[in-house]
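[1] what follows is a predicted structure for the sequence shown.
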Amino acid sequence: MAVRRLDPDQPASFAFSAANLAWAKQLVAKYPPGKQASAVIPLLWRGQEQAGWVTEPMIRTVAGMLDMAEIRVLEVATFYTQFLLSPVGAKAHIQVCGTTPCMLRGAEALKDVCRRRIHHDAHHLSADGSFSWEEVECLGACVNAPMVLIGSDTYEDLSPQSFEQLIDGFAAGRPPEPGPQVKRQLSAPEGGQTTLMDASLFDGSVVGTWKKGFDERIKAAAEAKAKAAAAAPAAAPPAPKPAEPVRLADTVKPAAAPSSGADKGKPVLLAQARGAKGDDLKLIWGVAEKLEQRLNAMGIWHFDQIAAWTPQHVEWFEREMQGFSGRVARDKWIEQCQKLATGWRPDGSVVERPKS
């Protein structure tokens, strides 16, 4: 699209009519102090409706009313193609959408009609001053391409022939009805409705029928279940099973028996500590009082027991402990116990932390 500039021939002045000036003041008053610039587009639009196009004196007038720099108003006027920057046709100024959807659907053919019927170049009046035209960016009716905008109305689904008739209608003072120029409603398919043809979908006659059918199916299922239960012979209740006596062995875990280590993967376990006193397993880094009690309950009382563990013993131990995977190796229990079993003790109360 070409660069948009103000027309070189400008009128000497511009002033809103009394009615438009009252409307403009009422509109500007709706905005809080310092925000009046938000009214620039509606004021330019009302000025264009009054004068037919946006002039340089109009831009200065609007800038003064809104306390804006004139260049800011000019930026708005030249950015939006809805603002016409040159005198336009007295009967119609035609804006032809040339963006991709319209181009693919025949916009170039519509521009050819404009070149032949109005003027070879855009932004020029026809010989009698009745028409003018220009190409613009998307006008928002892509699904009805190609289309044109005349004033505030869009004319869609055009062909070169229907566009010719459109121009003839404006020339005769009988503009056609805006919207699609083919037999369809808005953006509905051509040829009329093809889906959702059943009127009962919309007239309310089937509202709630799904619930009625659902309730009927639930009721039928309940009746069938009751009928089947009534037809089945009554079964005698099962004889109560005598309660078994509770044995002490079922509630008290026996002390671990000494192990020879012959069981594959199971380390040497002791029923009780040698000499009636076990080693202080809390000297193993990572072992606290509760864990020491669990070790003792398993039959682990002394450093030399752990010092002799093999990988199979560690695997068995961690499986028995559950959720203990990797801890023996990570905290280096075997290495610690090999030193502790020789009589070595950490200095003072500080437990030596194994080096990682």
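    Arrived safely.
[2] and residue 188, what does it touch?
    If you count contacts by CB atoms under 8 Å, 6 or more residues apart in numbering, residue 188 has none. The C-beta positions use only the backbone N, C-alpha and C, and glycine is treated the same way.
[3] could you redo the last one with a cut-off of 10 Å?
    180, 194 (CB atoms under 10 Å, 6 or more residues apart in numbering).
[4] state the distance from it to residue 144.
    To residue 144, residue 188 is 10 Å away according to CB to CB, to the nearest Å.
[5] now for the two: what residues contact both?
    residue 180.
[6] quick one: distance of the biggest helix by length in the chain to the chain centre.
    Ranked by number of residues, the top helix in the chain under DSSP state H is helix 209-231. Its chain's C-alpha centre and that of helix 209-231 lie 43 Å apart, by CA atoms, centre = their mean, to the nearest Å.
[7] I would like the residues contacting it, please.
    Applying CB under 10 Å, 6+ apart, the external contacts of helix 209-231 come out as 200, 206.
[8] spit out the contact partners of the residue sitting furthest away from the middle of the chain.
    Relative to the centre of the chain, the most outlying C-alpha is that of residue 275, 72.5 Å out, by CA atoms, centre = their mean. Contacts for residue 275 (CB under 10 Å, 6+ apart) come out as 301-302.
[9] coming back round to it: for the longest helix of the chain, buried residues please.
    By 16 or more other CB atoms under 10 Å, helix 209-231 has no buried positions at all.
[10] same deal with stretch 117-125?
    Within stretch 117-125, the residues scored as buried using 16+ other CB under 10 Å are 117-119, 122-125.
[11] next SSE downstream of the helix or strand of the chain with the lowest mean pLDDT?
    Least confident element among the helices and strands of the chain, by mean pLDDT, DSSP states H and E: helix 248-251 (a mean of 43). Using DSSP states H and E, the next helix or strand after helix 248-251 towards the C-terminus is helix 289-298.
[12] so what touches that following helix?
    253, 255-256, 267, 269-270, 272-273, 278-284, 287, 300-301, 305-306, 317, 320-321, 324, 327.
[13] quick one, which of those residues are buried?
    So, by 16+ other CB under 10 Å, the buried ones in the contacts of helix 289-298 are 256, 267, 269-270, 278-279, 281, 283-284, 287, 300-301, 305-306, 317.
[14] what's the closest of the residues you listed to residue 72?
    Proximity of the buried ones among the contacts of helix 289-298 to residue 72 (CB to CB) peaks at residue 287, which lies at 78.8 Å.
[15] and the closest one, how far is that from residue 268?
    18 Å.
[16] not counting sequence-adjacent ones, nearest residue to residue 134?
    residue 122 (4.3 Å; CB to CB, 6 or more residues apart in numbering).
[17] tell me if I'm right that that neighbour and residue 131 touch.
    No. With contacts counted by CB atoms under 10 Å, residue 122 stays clear of residue 131, the gap being 11.7 Å.
[18] anything in contact with each of these two?
    94, 114.
[19] which ones are touching the residue nearest the centre of the chain?
    Nearest to the mean C-alpha position of the chain, by CA atoms, centre = their mean, lies residue 140 at 24.5 Å. The contact partners of residue 140, by CB under 10 Å, 6+ apart, come to 97, 99, 147, 149, 154.
[20] before we move on, back to that, tell me the contacts of the residue nearest to residue 134?
    1-2, 86, 94-96, 111, 114-115, 132-136.
[21] show me the shaky parts of the stretch 51-200 of the chain.
    Within the stretch 51-200 of the chain, no stretch has pLDDT under 70.
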